[in-house]
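> Task: produce atomic coordinates for the following.
(one chain, ligands or ions: 2)
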Amino acid sequence: IGMGGMDAFRARYIDNGLLDFLLKEREQGRIRNLGFSYHGDVDVFDYLLANHDKYRWDFAQIQLNYLDWEHAKETNPRNTDASYLYGKLDSFGIKAVIMEPLLGGRLAKVPEHIVSRLKGRDPLRSVASWAFRFAGSHPGVLTVLSGMTCMEHLEDNLRTYCPLVPLTDDDNRFLYDTADLMMQHPAIPCNDCKYCMPCPWGIDIPGVLLHYNKMLNEDNIPQSRQDPKYSKARRAFLVGYNRAVEPVRQADHCIGCRICVQHCPQGIDIPAELARVDNYAEKLRRGSLPG
Ligand code: SF4
Ligand code: SF4
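Ligands and ions are numbered 1, 2, ... in the order given. Alright, predicted model coming up:
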C-alpha cells in the first residue's frame, strides 16, 4: 500500500469493502496474520497506524537499512526515513518485516573506501553482513527478507544469522557515520527490479542507471580533469558503458515521454536521471570536465 497516495488506497481497500472483508476473514480464522507492505506515500502508512485500534495489524513490511535509516529522503524525496517507520511500528508493538536490507544490493557493493572502512572494523565479516545485522538487530523485527542468487549469499547469510550477534550502540553509530560518508557520493537508487521495462523507445533503463552506480562504486567516476586517474576512469566509464548497454539503448535515445516513471517503486525521476548520465557521458566523450 502507499503507491498513489490516499486516493488510490481508499479506492482499492476502503470504498470497495476489501479491508472490512479481510478483517472478517481474520475473525473467522481464515487469515492468521493481517498486515501490509508499505511503499510510497507516508500519509497512507500514518492513516493505517492511526487506525490500529480498528485494524490491529499483526505485522507491517517496511524498507529498512542503515542508509535509509536517516537518509531515505536524500536518495528519493518520496521515501520516508526507516527510523520513522520502524519507530512508529515499535510504538504500537507491531512486528516489522524488513525488505531491502541491502537497498537493492547497493549495500553489498559499496565504494572501495567504504569496503576498507567496514573491513577495518571487522576483517572477518562480509560487507553485506553489516547491513543484515543492522536490519536484524532491532528487537521488533520479525524477519528480514533477502534475495539470494547464489550459494555464497546463502552461506554468508547463515553465518550472519546463526546466531545473530546484535549490533552494539557503538556499531550503530559506526554505521550511521558510514551512511553519512556514503551520502557524500550518492548513487541512483535503482534496484534493477525492471518494473519500468520495457521502455517503448527501447532504452535499457536499469542497464544505464546501474552502469553509473557501478562506476561510482568502483571509484571510476572522475570528478575533475586534474585527478591523476582521469584518463583511466574516463576510458573505464565509456568502454564499460558500451559493453553494458548497446548504443541504441543508451540514455541519449530517451525522448522524455515519462511513461516509465509511474512504474518505478523507488520513485526515480527516470528521464531526469537518464539525462544526467547522458550529459555526464557526453562530457567524458568530449574529454571535458564531467562534473
Ligand atoms: S521517459 Fe525515456 S526511458 Fe522512460 S519510457 Fe519514455 S523514452 Fe523510455
Ligand atoms: S523501476 Fe525503478 S528501480 Fe526498478 S529497474 Fe526501473 S528505474 Fe530501477
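> Please list the residues of the stretch 151-291 of the chain that sit near ligand 1.
199-201, 203, 205, 254-260, 270-271, 274 (C-beta under 6 Å from any ligand atom). C-beta coordinates here come from the backbone N, C-alpha and C atoms, glycine included.
> and Asp53, how many residues sit next to it?
7 (other C-beta atoms under 10 Å).
> Same question for whichever helix or strand it is part of: list its buried residues.
Taking DSSP states H and E as the criterion, Asp53 maps to helix 52-55. For helix 52-55, burial by neighbour count (16 or more other C-beta atoms under 10 Å) applies to Tyr55.
> Can you name the next helix or strand after that helix?
strand 59-63.
> which residues sit in contact with Met197?
By C-beta atoms under 8 Å, 6 or more residues apart in numbering, the residues touching Met197 are Ile205, Pro206, Cys260.
> Can you tell me how far the second one is from ligand 2?
Put plainly, it is Pro206. 4 Å (C-beta to the nearest ligand atom, to the nearest Å).
> what about that residue, which helix or strand?
Using DSSP H and E, Pro206 falls in helix 205-217.
> Correct me if wrong, but Ala281 is in a strand.
No: assigned with DSSP: H, G, I helix; E, B strand; the rest coil, Ala281 falls outside any strand and is helix.
> That one contacts Ala251, doesn't it?
Yes: contact criterion C-beta atoms under 8 Å: Ala281 and Ala251 qualify, at 7.2 Å.
> who's more crowded, these two?
The residue with more neighbours, out of Ala281 and Ala251, is Ala251; 27 against 22, by other C-beta under 10 Å.
> show me what contacts the closest residue to Asn79 other than its chain neighbours?
Nearest residue to Asn79, sequence neighbours excluded (C-beta to C-beta, 6 or more residues apart in numbering): Ala72, at 3.8 Å. Contact analysis of Ala72 by C-beta under 8 Å, 6+ apart lists Gln63, Asn79, Thr80, Asp81, Ala82.
> Okay, and which of those map to strands?
Among the contacts of Ala72, DSSP state E puts Gln63 in strands.
> wait, does the lowest-mean-pLDDT helix or strand in the chain make contact with ligand 2?
Taking mean pLDDT, DSSP states H and E as the measure, helix 68-75 is the helix or strand of the chain with the lowest mean score, a mean of 87. No: Helix 68-75 is not in contact with ligand 2 by C-beta under 6 Å from any ligand atom; minimum separation 11.4 Å.
> Can you show me the CA trace of that helix as PDB?
The C-alpha trace of helix 68-75 is given here as PDB (Å, rounded to 0.1, in the frame of the first residue of the first chain):
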ATOM      1  CA  ASP A  68      17.600   4.600   4.600                       C
ATOM      2  CA  TRP A  69      17.600   5.000   8.400                       C
ATOM      3  CA  GLU A  70      18.200   8.700   8.200                       C
ATOM      4  CA  HIS A  71      18.900   9.400   4.500                       C
ATOM      5  CA  ALA A  72      15.900   7.900   2.700                       C
ATOM      6  CA  LYS A  73      14.600  11.300   1.600                       C
ATOM      7  CA  GLU A  74      18.000  12.300   0.200                       C
ATOM      8  CA  THR A  75      18.100   9.300  -2.100                       C
END
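> got the buried residues for it?
For helix 68-75, by 16+ other C-beta under 10 Å, it's Asp68, Trp69, Glu70, His71, Ala72, Thr75.
> residues in contact with whatever residue of the stretch 51-200 of the chain ends up closest to ligand 1?
Here the stretch 51-200 of the chain gets closest to ligand 1 at one residue, Cys199, 3.2 Å apart by C-beta to the nearest ligand atom. Residues in contact with Cys199 (C-beta under 8 Å, 6+ apart) are Ile205, Cys254, Ile259, Cys260.
> Show me what whatever helix or strand Arg133 lives in is packed up against.
Secondary structure from DSSP H and E places Arg133 in helix 127-136. Judged by 3 or more C-beta pairs under 8 Å, 6 or more residues apart in numbering; DSSP states H and E, the packing partners of helix 127-136 are helix 112-121, strand 141-144, helix 151-161, helix 169-182.
> How about residues contacting that helix?
Identification of contacts with helix 127-136 by C-beta under 8 Å, 6+ apart yields 64-66, 69, 98, 101-103, 107-110, 114-115, 118-119, 141, 144, 146, 153, 156-157, 159-161, 164-167, 171-172, 175, 178.
> export it as PDB, just CAs?
Extracted C-alpha coordinates of helix 127-136, given in PDB (Å, rounded to 0.1, in the frame of the first residue of the first chain):
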ATOM      1  CA  VAL A 127      30.300  -6.100   3.600                       C
ATOM      2  CA  ALA A 128      26.700  -7.300   3.300                       C
ATOM      3  CA  SER A 129      26.700  -8.800   6.800                       C
ATOM      4  CA  TRP A 130      26.800  -5.300   8.300                       C
ATOM      5  CA  ALA A 131      23.500  -4.400   6.600                       C
ATOM      6  CA  PHE A 132      21.900  -7.700   7.600                       C
ATOM      7  CA  ARG A 133      23.000  -7.400  11.200                       C
ATOM      8  CA  PHE A 134      21.700  -3.800  11.200                       C
ATOM      9  CA  ALA A 135      18.300  -4.900  10.000                       C
ATOM     10  CA  GLY A 136      18.100  -8.000  12.300                       C
END
